[in-house]
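Predicted coordinates and the sequence they were generated for:
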Amino acid sequence: MEREGRIINLMEPGHTGCAGCGQAIAARLVIRAAGSNVIVANATGCLEVYTTTYPRSAWEVPWIHSLFENPAAVASGIEACLKAMGRYDGIKVIAQAGDGGTADIGIGCLSGMFERRHDILYVCYDNEGYMNTGYQRSSLTPFGARTTTSPSGALSWGNVTRKKNMPLIAVAHGVPYVATATPAEPRDLMRKVQKALQIEGPKYLHILVPCVPGWGYESEETLELARLAVETGLFPVFEIEKGVITKIRKPKERKPVEAYLRPQKRFAHLFQPGNEHLIVEMQQIADENLAIESGPAVLYGTGGVAKELENEEEEIPPKAGSGG
């Protein structure tokens, strides 16, 4: 796109995002791939705050700030309105939010968007916590991570739960195209955006976006950490089409999870004496992620839970009046 002889980025520089912000890199790639004929509904969160500091905006496309919980609902209204007005042809609609706005606060509106089959691409920028409000945990915060609401100390060792499996939640809704990506592979990310926008119906793209202050690393390490998340298996990269895994990234040189964990302050406590079992569990999570194969999408990352269930004997209560 050009204006007065200069190239215009659809997400312009000059915003107030942190140096090395993984979300800013990913968002710029998403909107570049989508093109100018798009309308964006953006949830409250980091991306909204640093790109639209009043009275300025970094966006060169129609862009609407929704509440934290309802970008999917706002985007649904935009799509329905355009169709009712006969102005939908050639226009694409994108809803986007962080992990809290997607997996926690906004999951009800997102489920409705999926169920009603709106022709919308939903993008989750997953920085694995509520980074805009002080680094609190979300349901997409990884196991073992330290946040202000899952601290590490004498009586705790960080987040005790695994990440909610949003891609398979989308698959369970019958979403025809579900994919994951990172900003470390820009061509792959942009290809998935463009592919998604050619598919009719709801689409879901989940992007891991490292956060400098929330994760606690140096700003120049953003893309390297995104690569390591994939190379260790802690963030699987794949495409699921009509419920079938059609592509999955298998690292050529797989690395141990320590290579990803050690540069981040949020995982520093895992390397203290007595916490070795936590790293072993994180390695198990990575192993389960990398065991994903092409074919029908099945639940991944729950091997430990499945093993526990296998060891339990099923107890069926006697029927009333059976004399049991």
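Yep, that arrived.

what's near enough to touch the nearest residue to R32 once chain neighbours are set aside?
Nearest residue to R32 in three dimensions, chain neighbours excluded: L10, at 5.9 Å (CB to CB, 6 or more residues apart in numbering). The C-beta positions use only the backbone N, C-alpha and C, and glycine is treated the same way. Counting by CB atoms under 8 Å, 6 or more residues apart in numbering, L10 makes contact with M1, R28, I31, R32, A34, G35, S36, W59, E60, V61.

Same check on G45?
F68, A97, G98, G100, G101, N132.

how about CSV for those residues, with secondary structure, neighbour count and pLDDT added?
Converted to CSV, the contacts of G45 look like this (DSSP: H, G, I helix; E, B strand; the rest coil; neighbours: other CB atoms under 10 Å; pLDDT from 0 to 100):
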residue, secondary structure, neighbour count, pLDDT
F68, coil, 19, 93
A97, strand, 30, 98
G98, strand, 31, 97
G100, helix, 29, 96
G101, helix, 32, 97
N132, helix, 21, 93
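
can you redo these as CSV with distance to T180?
Shown next, in CSV, are the contacts of G45 (distance: CB to CB, whole Å):
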residue, distance to T180
F68, 23
A97, 16
G98, 15
G100, 18
G101, 18
N132, 22
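
The stretch 101-250 of the chain: strands as residue ranges?
Using DSSP state E, counting those that start in this stretch, the strands found in the stretch 101-250 of the chain span residues 121-126, 177-181, 203-208, 238-241, 244-248.

Correct me if wrong: I94 contacts V30.
Yes: the criterion here is CB atoms under 8 Å, and I94 meets it with V30 at 7.5 Å.

if I look at those two, which residues touch both of them?
Joint contacts of I94 and V30 (CB under 8 Å, 6+ apart) are V123.

just to revisit the earlier point, T51 versus the residue nearest to R32, what's the distance?
11 Å (CB to CB, to the nearest Å).

got any residues that touch both of the two?
Residues touching both L10 and T51 by CB under 8 Å, 6+ apart: W59.

And the helices in the stretch 151-300 of the chain?
Here the stretch 151-300 of the chain has its helices, by DSSP state H, counting those that start in this stretch, at 166-172, 186-197, 212-215, 222-231, 258-261, 276-290.

Sort out for me which of the contacts of L10 are in helices.
Counting by DSSP state H, the contacts of L10 place R28, I31, R32, A34 in helices.

Any of those residues buried? List them.
Buried by 16 or more other CB atoms under 10 Å: R28, I31, R32, A34, out of the ones in helices among the contacts of L10.

Hmm, I91 and the last one touching each other?
No: if you go by CB under 8 Å, A34 and I91 don't touch, sitting 10.9 Å apart.

quick one on the thing from earlier: of the helices of the stretch 151-300 of the chain, which is nearest E79?
Closest of the helices of the stretch 151-300 of the chain to E79 is helix 186-197, at 12.8 Å (criterion: CB to CB).

Any stretches of the protein with poor pLDDT?
For the chain, applying pLDDT under 70 flags the ranges 1-7, 299-324.

could you redo the last one with a cut-off of 50?
The chain contains residues with pLDDT under 50 at 302-316, 322-324.

before we move on, back to that, could you report the separation of the residue nearest to R32 from V61?
Distance from L10 to V61, by CB to CB: 6 Å.

Residues that sit against both of those two, list them.
In contact with both L10 and V61: I31, S36, using CB under 8 Å, 6+ apart.

what residues does stretch 98-111 touch?
By CB under 8 Å, 6+ apart, the residues outside stretch 98-111 that reach it are 23, 43-47, 68-73, 97, 122, 124-132, 138-141, 164, 166, 169, 173.

let's see 7 Å
Identification of contacts with stretch 98-111 by CB atoms under 7 Å, 6 or more residues apart in numbering yields 43-47, 68-73, 97, 122, 124-128, 130, 138-140, 164, 166, 173.

beta partners for A97?
Beta-bridge pairing of A97 under DSSP bridges involves C124.

correct me, but it touches C124?
Yes: using CB atoms under 7 Å, A97 is in contact with C124, at 6.4 Å.

Just give me the neighbour total for T52.
Using other CB atoms under 10 Å, T52 is surrounded by 17 other residues.

show me what contacts the closest residue to it other than its chain neighbours?
Leaving aside its sequence neighbours, T52 sits nearest to H65 (CB to CB, 6+ apart; 6.5 Å). Contact analysis of H65 by CB under 7 Å, 6+ apart lists N42, E48, T52.

Surely L168 and A297 touch.
Yes: using CB under 7 Å, L168 is in contact with A297, at 6.3 Å.

Give me the more crowded residue out of the two.
Between L168 and A297, counted using other CB under 10 Å, the more crowded position is A297 (21 against 17).
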